[in-house]
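S.K.: need coordinates for the following:
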Amino acid sequence: MDDSSKAPVNINDMPPEILLHIFDFLGIPVPSEARLHDQPCATLLDNQPKLQSLKPATLVCKSWRSLALPGLFQHVLWRPQVSSLSAFTLNPIPLLRFLEDNHLDRSVHTFTLLVNFVDEWADAHRRTPQIRSVDLEWFWDQLFAVIDPLRFTIIAPPTTLAAFLSWMLFLDDAWSFDMPYHILSLSRTERDSPSSTGRHLDTSLSDPKIAAAKSDSEGSQPTTTVAGSSSRAPVSCSSRRRAPPCLLFTARRWTALLLNEGSSTKVYRTYEFFLRRPPSMLGALLGCEEFPNDTPLVPSSVVEFSYVAIFPLSTQLQILAHNLPRIDRLFVRLTPGPGSRHLLEDPAEMRHIDPADLWMERDTAYKTLIRGILATIFPAAAIIDPADRNSNWTALQVFESGDDREALDAGYDLFEGVPLRGWKIEGDGRTFVRCHEGDEGGIVGT
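M.R.: Numbering: from 1, shown residues only. Down below sits the predicted model:
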């Protein structure tokens with residue numbers, strides 16, 4: 001039979017499964033965790049060239065649109081226009097309604113909230129801006145009633161990030177760090193059961209003005225978020241009123257947390273830089289600061305903790321080492337990653353900075369972390385500070401450095417040639433792995 005007489009196959013006659021497979025090659029790449037390790041900025045996740053390939057497919061016909069649209073919203077980057085935090089002008093309802101109306105709510109795998117708003121008055125007065133607790137509860141409740149992401153990320157200025165977490169920052173030295181953005185990312189490997197997340201948009205609170213009216217009627221009080229020297233003033237127990245925990249940390253059963261505080265290089269230009277204190281959420285996350293930051297925010301479900309920064313002060317790593325949460329895996333990167341190495345070659349960035357100070361702080365930081373591991377082996381050693389004997393180090397299974405081997409050499413020198421009972425070293429010397437029965441321990445410095 002002559003096949004030339006057959007009508008050509010129309011692409012619209014293809015089974016939808018084949019079309020979906022084709023569209024998968026045009027879909028948006030996953031915002032990799034590696035990019036979340038780079039210097040935080042407003043354009044960090046902008047480069048998505050495949051988006052331009054998939055979007056035209058949604059304009060061909062209705063059937064193609066229904067197949068391709070979910071791929072466009074697998075990784076949502078939301079940049080809301082915010083003009084005030086105290087009046088809470090951030091309204092997720094239009095976005096959430098669009099996702100629900102187009103049955104895209106379950107298609108969202110990663111959701112990134114990028115807020116570039118800075119409260120100028122609060123910043124000038126060294127105060128963390130205030131968001132009323134009822135507004136935050138409404139916001140998180142509305143958001144997670146619709147989306148069910150595997151990763152939720154906030155990219156925002158430090159003070160704005162703290163406001164979204166109902167927490168406070170120490171801001172007296174913030175000017176010397178000049179940190180434009182921080183990143184907080186919570187993730188999990190799989191979704192919870194549908195019964196625990198199967199809610200829908202609450203249209204009764206679809207307008208922040210309604211939420212504000214509700215807060216007034218309930219007599220809601222703003223969250224205490226003033227930072228500075230006043231935070232050290234004694235407060236009587238009777239006057240203490242703890243803010244409600246941030247719902248973001250319990251909205252899903254997150255298993256991993258990443259905090260990226262970006263570059264601290266500017267502080268090295270100041271006199272006695274080592275006495276400065278960054279505008280950091282680390283202490284609040286670990287619950288090791290003064291009231292009201294004395295309750296950990298890290299939920300017990302988190303088993304992986306990643307701390308990323310570019311030449312942070314070693315005091316930051318002391319905070320982490322001495323207050324390590326009970327986790328299985330700790331990842332740390334303290335020097336510029338592949339996407340941020342240009343910082344060291346930027347004359348403006350390195351002006352009036354002695355590079356030796358950068359490497360000295362890095363080495364001191366890694367010594368502190370290595371002591372945490374060695375304290376599980378030699379708890380009575382004279383070199384081990386009592387503060388290093390955090391019992392949660394004994395529960396740690398993996399410690400990984402994202403820096404090169406040279407970064408850990410200063411820590412290795414503490415116990416050169418001593419057997420690491422209970423640990424082995426992998427990944428060209430950058431990863432400590434807890435030994436199981438039958439495994440042999442490694443040697444420090446090998």
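S.K.: could you list the low-confidence segments of this protein?
M.R.: 1-7, 9, 27-32, 47-52, 194-244, 379-390, 414-418, 437-446 (pLDDT under 70).
S.K.: do you have the strands of this structure handy? List them.
M.R.: Secondary structure of the chain (DSSP state E): strands at 75-78, 110-114, 151-156, 182-187, 256-263, 304-310, 329-333, 398-401, 419-420, 423-426, 431-434, 442-443.
S.K.: helices and strands around the first one, which ones?
M.R.: This means strand 75-78. strand 110-114 (3 or more C-beta pairs under 8 Å, 6 or more residues apart in numbering; DSSP states H and E). C-betas here are computed from N, CA, C, even on glycine.
S.K.: quick revisit: now the strands of the chain as a markdown table including distance to residue 140 and mean neighbour count?
M.R.: Formatted as a markdown table, those follow (distance: least, C-beta to C-beta, whole Å; neighbours: other C-beta atoms under 10 Å):
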| stretch | distance to residue 140 | mean neighbour count |
| --- | --- | --- |
| strand 75-78 | 14 | 18 |
| strand 110-114 | 11 | 21 |
| strand 151-156 | 10 | 23 |
| strand 182-187 | 12 | 23 |
| strand 256-263 | 16 | 22 |
| strand 304-310 | 22 | 23 |
| strand 329-333 | 26 | 20 |
| strand 398-401 | 31 | 20 |
| strand 419-420 | 43 | 17 |
| strand 423-426 | 39 | 18 |
| strand 431-434 | 35 | 19 |
| strand 442-443 | 44 | 17 |
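S.K.: which one of the ones you listed lies closest to residue 58?
M.R.: Nearest of the strands of the chain to residue 58, taken as C-beta to C-beta: strand 75-78 at 15.5 Å.
S.K.: picking up where we left off before, so which of the strands of the chain comes closest to residue 97?
M.R.: With C-beta to C-beta as the criterion, residue 97 lies closest to strand 75-78 of those, at 13.5 Å.
S.K.: can you list the strands that the closest one pairs with?
M.R.: Sheet pairing here is set by DSSP bridges, and for strand 75-78 it gives strand 110-114 (parallel).
S.K.: I'd say residue 321 and residue 370 touch.
M.R.: No. Look at residue 321 against residue 370 with C-beta atoms under 8 Å: they stay out of range, at 9.3 Å.
S.K.: centroid residue for the chain?
M.R.: In the chain, the residue lying closest to the centroid (C-alpha atoms, centre = their mean) is residue 184, at 2.1 Å.
S.K.: distance check, that one against residue 21.
M.R.: Per C-beta to C-beta, to the nearest Å, residue 184 is found 35 Å from residue 21.
S.K.: report how many residues lie close to residue 405.
M.R.: By other C-beta atoms under 10 Å, the residues close to residue 405 number 12.
S.K.: likewise for residue 13?
M.R.: 8.
S.K.: got the contact list for the closest residue to residue 430 other than its chain neighbours?
M.R.: Setting aside the residues directly before and after it, residue 430 is nearest to residue 401 in space (C-beta to C-beta, 6 or more residues apart in numbering), at 4.5 Å. Residue 401 sits next to 331, 332, 333, 366, 407, 408, 430, 431 when contact means C-beta atoms under 8 Å, 6 or more residues apart in numbering.
S.K.: would you confirm that the second one contacts residue 370?
M.R.: To tie it back to what came earlier, the one meant is residue 332. No. If you go by C-beta under 8 Å, residue 332 and residue 370 don't touch, sitting 11.0 Å apart.
S.K.: all helices of the stretch 51-200 of the chain, in order?
M.R.: Ranges of helices in the stretch 51-200 of the chain, per DSSP state H, counting those that start in this stretch, are 51-54, 62-72, 93-101, 120-124, 133-146, 158-164, 174-177, 194-197.
S.K.: okay, the ones you listed in a markdown table with mean neighbour count next?
M.R.: Listed next are the helices of the stretch 51-200 of the chain as a markdown table, based on neighbours: other C-beta atoms under 10 Å:
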| stretch | mean neighbour count |
| --- | --- |
| helix 51-54 | 14 |
| helix 62-72 | 16 |
| helix 93-101 | 15 |
| helix 120-124 | 13 |
| helix 133-146 | 20 |
| helix 158-164 | 25 |
| helix 174-177 | 20 |
| helix 194-197 | 11 |
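S.K.: of all those, which one is nearest residue 377?
M.R.: Closest approach to residue 377 among these is made by helix 174-177 (35.2 Å; C-beta to C-beta).
S.K.: how far off centre is that closest one?
M.R.: Its chain's C-alpha centre and that of helix 174-177 lie 21 Å apart, by C-alpha atoms, centre = their mean, to the nearest Å.
S.K.: same thing with stretch 285-303?
M.R.: Distance, centroid of stretch 285-303 to centroid of chain: 15 Å (C-alpha atoms, centre = their mean).
S.K.: tell me which residues in that stretch are buried?
M.R.: For stretch 285-303, the neighbour count (16 or more other C-beta atoms under 10 Å) marks 285, 286, 289, 292, 293, 296, 297, 298, 299, 302, 303 as buried.
S.K.: brilliant, that's me finished.
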